[in-house]
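S.K.: return atomic coordinates for the entry below.
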Amino acid sequence: QVLLVESGGGLVQAGGSLRLSCAASGRTFSYYTMGWFRQAPGKERVFVASITSSGGRTLYAESVKGRFTISRDNAKNTVALQMNSLKPEDTAVYYCAADRTPWGSGKYDYWGQGTQVTVSS
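M.R.: Alright, predicted model coming up:
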């Protein structure tokens, strides 16, 4: 079992930046691929970014490429999402998730409770 706790959400103006962080419990964090997802009001939850266990491979949704950066610190059991040049359409609840494979199977078994990001125009 892995417990994931997100932090760092808030209200920011368009063009601004936020850094989300996700702290994970357990000794197997370094083995997992980690991902960020988001869910806007009235919409389904969608993939934002992922990073493999070693950090050697990252993936991004087209909508955030060049603006968001995912990173991880296996020594601290944390994964971060640096969000720059934020747009109103980035407004959503952001979720951290863990995939129990180091290479990224696409199946996420553990989820955090989410953190709200609101971007004003």
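
S.K.: my guess is S21 contacts L4. True?
M.R.: No - under the criterion of CB atoms under 8 Å, S21 is not in contact with L4, lying 10.7 Å apart. Quick note: C-beta positions are derived from backbone N, CA and C, even for glycine.

S.K.: of those two, who's got more company?
M.R.: L4 (22 against 18; other CB atoms under 10 Å).

S.K.: give me the neighbour count for the residue lying closest to the more buried one once chain neighbours are set aside.
M.R.: For L4, ignoring the flanking residues on the chain, the nearest one in space by CB to CB, 6 or more residues apart in numbering is G112 at 3.7 Å. A count of neighbours around G112, defined by other CB under 10 Å, yields 21.

S.K.: surely G112 is in contact with C22?
M.R.: Yes - using CB under 8 Å, G112 is in contact with C22, at 6.0 Å.
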